[in-house]
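A.B. asks: Just need the structure, nothing else, for what follows:
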Amino acid sequence: MTPQEKLRRFEEQISPHLKSAYNLAKWLTRSHADAEDVVQDAFLRAFSAFESYRGDSSQPQNAKAWLLAIVRNTSMTFLKRHRNAGATLGFDDALDDPRERSPDPEEILLISCDREEVRQALEQLPLDFREAIVLREMEGLSYREISATIGVPLGTVMSRLSRGRDWLRRILSTPRPFKPKEGAGLR
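C.D. replies: Got it, this is the predicted structure:
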């Protein structure tokens, strides 16, 4: 394969999964800047190993799972190297689908509160559970693809998802005191 053909196929099959790669890296590293570094390194590794990739453009999920396995491994290596540097940043709100109707202001407040609660709950999960839930619920990987991505048996994936979901349910069902945001005083 010529260098131009390799680049064209990589752009066609792997690059569309950049957002998913970043999303996984951000959930694993808990940092915007670290996630960007991890994704950049992962894409370099993926490009270097692209000749060994056996998928084709007719199965984009295989390319996504292959790339996310590289992102996961790169993230784990990064976390091991930087174990004591635990900087965390807040997560940006997900972009709304412009085809959906716009929620009213009250719905926007409730949605953002729910989204923030879920983010905080996910942050509390141990890495193994958080990783499985992000790959399944946010990235839409099948149980088999998660198994291949993180290198554990299918039963382990099912167990981590079940236990992680139970843990999330317990966290989210625990009542918490209301804390108004700073600067949101009553007048």
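
A.B. asks: Can you give me the pLDDT of the spatially most central residue of the chain?
C.D. replies: For the chain, the residue nearest the mean C-alpha position is Leu24 (2.6 Å; CA atoms, centre = their mean). As predicted, Leu24 sits at a pLDDT of 94.

A.B. asks: what separates it from Ile146, distance-wise?
C.D. replies: Leu24 is 11 Å from Ile146, where distance means CB to CB, to the nearest Å. Where you see a C-beta, it was placed from the backbone N, CA and C, and this is true even at glycine.

A.B. asks: any common contacting residues for these two?
C.D. replies: Leu135 (CB atoms under 8 Å, 6 or more residues apart in numbering).

A.B. asks: Quick check: which helices or strands does the longest helix along the chain pack against?
C.D. replies: Longest helix in the chain by number of residues, with DSSP state H as the criterion: helix 60-81. The contact analysis (3 or more CB pairs under 8 Å, 6 or more residues apart in numbering; DSSP states H and E) places helix 60-81 against helix 18-29, helix 32-48, helix 143-150.

A.B. asks: Determine the number of other residues adjacent to His82.
C.D. replies: 14 (other CB atoms under 10 Å).

A.B. asks: is it true that it touches Ser31?
C.D. replies: No - His82 sits out of contact with Ser31 when judged by CB atoms under 8 Å, with a separation of 9.4 Å.

A.B. asks: what does the domain assignment say about the chain?
C.D. replies: Segmentation of the chain into domains, based on automatic domain parsing, reads 1-88, 103-176.

A.B. asks: The shortest one - what's its average pLDDT?
C.D. replies: If I follow you right, that is domain 103-176. For domain 103-176, mean pLDDT rounds to 84.
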